[in-house]
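**Student:** one predicted model, sequence on top.
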Amino acid sequence: MVSRGSHNLYTSRFHTRKLSPSIITFYTILIFGFSIFVFFFYVRNTIIDEDQPHPLLSQQSLSHQVPELPMYDEKLWDPPFSHGLHQCVKPTARYKGAQGVDRYLTVRSNGGLNQMRTGISDMVAVAHIMNATLVIPQLDKRSFWQDSSVFSDIFDELHFIESLKGDIKIVRELPKNLEGAPRARKHFTSWAGVGYYEEVARLWNDYQVIHVAKSDSRLANNDLPLDIQRLRCRAMYQALRFSPPIEDLGKRLVDRLRSRWGRYIALHLRYEKDMLSFTGCAYGLTDAESEELRVLRESTNYWKVKKINATEQRIGGFCPLTPKEVGVFLLALGFPPSTPIYIAAGEIYGGNTHLSELSSRFPNLVFKEHLATPEELKAFTNHASQNAAVDYIISIESDVFVPSYSGNMARAVEGHRRFLGHRKTINPDRKGLVEIFDRLETGDLKEGEPLSHLVQQMHKNREGAPRKRQGSPPGIKGRARFRTEESFYEDPYPECICGSRSKLERT
């Protein structure tokens, strides 16, 4: 046993002992050699790992750059192969613009935003056919949404006039000397051809002004001259640019979506009061909600059908998908719950009661109110068409667009995305999905791999890939076939979308 005194003596001698030069040299060489070893080890591992994610980059720093970033499966987001197709809207060498001397066409556009947009584009073509001057159209203020906006509130009026000056003459209002002049008031025939409007042009013998009471679906979808079809595209996709305040806000919100999440789905969730009432769809609603919608339908004069069998509507695929059905559908396609989904829609019927059935599956639901400040949205309050225009911009720019119903907005967005390069648009097969959803309800089918396989197989050819516009179903004759043809604005191929060797492109 070592005493306390002997221990102190030992340590004292150790500290007072000097190291020899040879020992100092030895330790110096040892430290230098160790330093060289560490240096080469670090360089080696840096070279090996230079293409790998840095292990010291924390999840916190990653989430600061792109919060809540979902894991992306490229197959879900990649656009369909476009086969080299591209937009082509230039007129042919035979084309001549309309003069419109002392002949004026006034128009009252009817419906919501996209019904008015397609109708105005038709009226541009009709004015050209009839060699008329188009007066800036009056917008619908009597539809369900009761929007008081005028043309210049929604569209860039000067751009509209200037961009079409080689096609037709457009003026903001009638000349003063014609304001009180007699005018022909005309309901143009739906889905009419060029010959019809050449006959109607005889009215110029007796009138200088023709007033058109409705603008939607005034031209046929097919069998029109190439130059007329391309004029419709120039009007729809180039001339009808939104007003600067709408364009600016729409682009800012797209930038905010991308800076926060990167990629996103735009979901046109047509689960709004007017659509459910109009279609008579009551699946998933309470008895009180169903009754409220029935009363609205029967009291709306311009909705022709009052008695509707809700069950038959759903089985036939004529109902918008419910928020719950949309959630099941997107999960089955393979989108992870963290996927950001922008809701392009008006007020969802039933509010959070129904919306929660979607948000429980996809928590990252985003509305304009989440992206914009109250001050930015103030100017759009009580202007449904202006709000719909912002939704339109965000939907056009999305990585994936999914409509829950094939209404005017869905068709217009799909057609525009095709025109811009066949951006991915997933169009749900509502009739086929109803059968699957009913099997889930009865327990005959479970969520997971079996469901995903069925849904993915059903939609592998419904992602916006290039295809020619569809005609009417077989067996339909007479004027009914025009109504059942696919809308020109839903798929402007082949007239406005060409391939590098296309005969249409060389004309």
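**Tutor:** Nice, thanks for sending it over.

**Student:** show the subsequent helix or strand relative to the helix or strand of the chain with the lowest mean pLDDT.
**Tutor:** Between all helices and strands in the chain, the lowest mean by mean pLDDT, DSSP states H and E belongs to helix 59-65, at a mean of 31. Next helix or strand after helix 59-65 toward the C-terminus (DSSP states H and E): helix 74-77.

**Student:** how does the protein divide up, domain by domain?
**Tutor:** Domain segmentation of the chain under automatic domain parsing yields 104-239, 244-506.

**Student:** per-residue confidence for residue 8?
**Tutor:** Looking at residue 8, its pLDDT reads 41.

**Student:** brain fart, residue 21
**Tutor:** With respect to pLDDT, residue 21 has a value of 56.

**Student:** next up, the contacts around the spatially closest residue to residue 220 that is not a sequence neighbour.
**Tutor:** Using Cβ to Cβ, 6 or more residues apart in numbering and skipping the chain neighbours, the partner closest in space to residue 220 is residue 191 (4.7 Å). Glycine gets a C-beta too; all of them are placed from N, C-alpha and C. Residue 191 makes contact with 217, 218, 219, 220, 221, 479, 482, 483, 485, according to Cβ atoms under 8 Å, 6 or more residues apart in numbering.

**Student:** for residue 191, give its distance to residue 287.
**Tutor:** Distance, residue 191 to residue 287, by Cβ to Cβ, to the nearest Å: 40 Å.

**Student:** now stretch 482-494: buried residues?
**Tutor:** Buried residues in stretch 482-494, defined by neighbour count with 16 or more other Cβ atoms under 10 Å: 482, 485, 486, 487, 488, 489, 490, 491, 492, 493, 494.

**Student:** still on that earlier bit, return the item of the contacts of residue 191 having minimum pLDDT.
**Tutor:** Here the lowest pLDDT out of these sits on residue 479, with 84.

**Student:** so how many other residues sit close to it?
**Tutor:** Residue 479 has 10 neighbours, counted by other Cβ atoms under 10 Å.

**Student:** how about residue 499?
**Tutor:** For residue 499, the count of nearby residues is 17 (other Cβ under 10 Å).

**Student:** kindly report the same for residue 224.
**Tutor:** Using other Cβ under 10 Å, residue 224 has 19 neighbouring residues.

**Student:** hang on, it is in a helix, isn't it?
**Tutor:** No - counting by DSSP: H, G, I helix; E, B strand; the rest coil, residue 224 is not part of a helix but coil.

**Student:** wait, what's in contact with it?
**Tutor:** Neighbouring residues of residue 224 by Cβ under 8 Å, 6+ apart: 193, 194.

**Student:** just give the nearest non-adjacent residue to residue 306, would you?
**Tutor:** Distances taken as Cβ to Cβ, 6+ apart put residue 298 closest to residue 306, at 5.0 Å, once the chain neighbours are dropped.

**Student:** how many neighbours does the one you found have?
**Tutor:** Residue 298: 12 neighbours (other Cβ under 10 Å).

**Student:** residue 220 touches residue 195, doesn't it?
**Tutor:** No - counting by Cβ atoms under 8 Å, residue 220 does not reach residue 195; the two are 10.4 Å apart.

**Student:** more neighbours, those two?
**Tutor:** Comparing residue 220 with residue 195 by other Cβ under 10 Å, the one with more neighbours is residue 220, at 19 against 9.

**Student:** contact partners for that one?
**Tutor:** Residue 220 makes contacts with 191, 192, 193, 482, 485, as judged by Cβ under 8 Å, 6+ apart.
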